[in-house]
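S.K.: sequence? don't have it. structure:
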């Protein structure tokens, strides 16, 4: 379990995987990043039921509530889709992974080499009255 948490933290903050991406408002911080699924070790993927393939990517989302003591990971409802340049889309289904105080949501999708995908997410932190909307484009490469 510590391996997955370390891997997800590394992917969230390592420049090689992707620059840190986050959306912050007065109450919540949502960290997110997308990466090729082959960076996840086979044994970690198998343990958590995650699909690895050179044509598969993962989207990692972590939601934090700001508190007087700092940040606290909180549950959220996450929905979204990825869409290519010719408007073909895939609906994302997110799997929660909880490990100690850490809580991550992983969604998977397929892509073609050098494909640019538009990612749209609606993140509703537990107890929030509205969604945090995230939109970004990313180019994906097969290994």
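M.R.: Sure, I can see it. What you see is a predicted model; the values in this text were computed from it and never measured.

S.K.: could you show me where the helices are in this protein, in order?
M.R.: Here the chain has its helices, by DSSP state H, at 2-13, 42-48.

S.K.: The protein: strands as residue ranges?
M.R.: 22-24, 28-36, 56-67, 70-73, 76-83, 89-92, 94-99, 102-110, 115-125, 132-140 (DSSP state E).

S.K.: just how off-centre is the first one within its chain?
M.R.: This means strand 22-24. 13 Å (Cα atoms, centre = their mean, to the nearest Å).

S.K.: Check which helices and strands it sits against.
M.R.: Contact here means 3 or more Cβ pairs under 8 Å, 6 or more residues apart in numbering; DSSP states H and E; on that basis strand 22-24 packs against strand 28-36. All C-beta spots, glycine's among them, are computed from the backbone N, C-alpha and C.

S.K.: Report the beta-bridge partners for the residue nearest in space to the middle of the chain.
M.R.: In the chain, the centroid-proximal residue (Cα atoms, centre = their mean) is residue 60; its distance is 1.6 Å. When assigned by DSSP bridges, residue 60 has beta-bridge partners residue 33, residue 106.

S.K.: I'd say it and residue 37 touch.
M.R.: No: counting by Cβ atoms under 8 Å, residue 37 is not a contact partner of residue 60; they are 10.9 Å apart.

S.K.: Show me the shaky parts of the protein.
M.R.: 1-20 (pLDDT under 70).

S.K.: Mind doing that once more with 80?
M.R.: 1-20, 143 (pLDDT under 80).

S.K.: Check the gap between residue 101 and residue 72 for me.
M.R.: 8 Å (Cβ to Cβ, to the nearest Å).

S.K.: so what's residue 143 up against?
M.R.: The contact partners of residue 143, taken as Cβ atoms under 8 Å, 6 or more residues apart in numbering, are 36, 38, 54.

S.K.: before we move on, what about residue 30?
M.R.: Residue 30 neighbours (Cβ under 8 Å, 6+ apart): 22-24, 61-64, 76, 123, 125, 132, 134.

S.K.: Are any of those residues buried, and if so which?
M.R.: 23, 61-64, 76, 123, 125, 132, 134 (16 or more other Cβ atoms under 10 Å).
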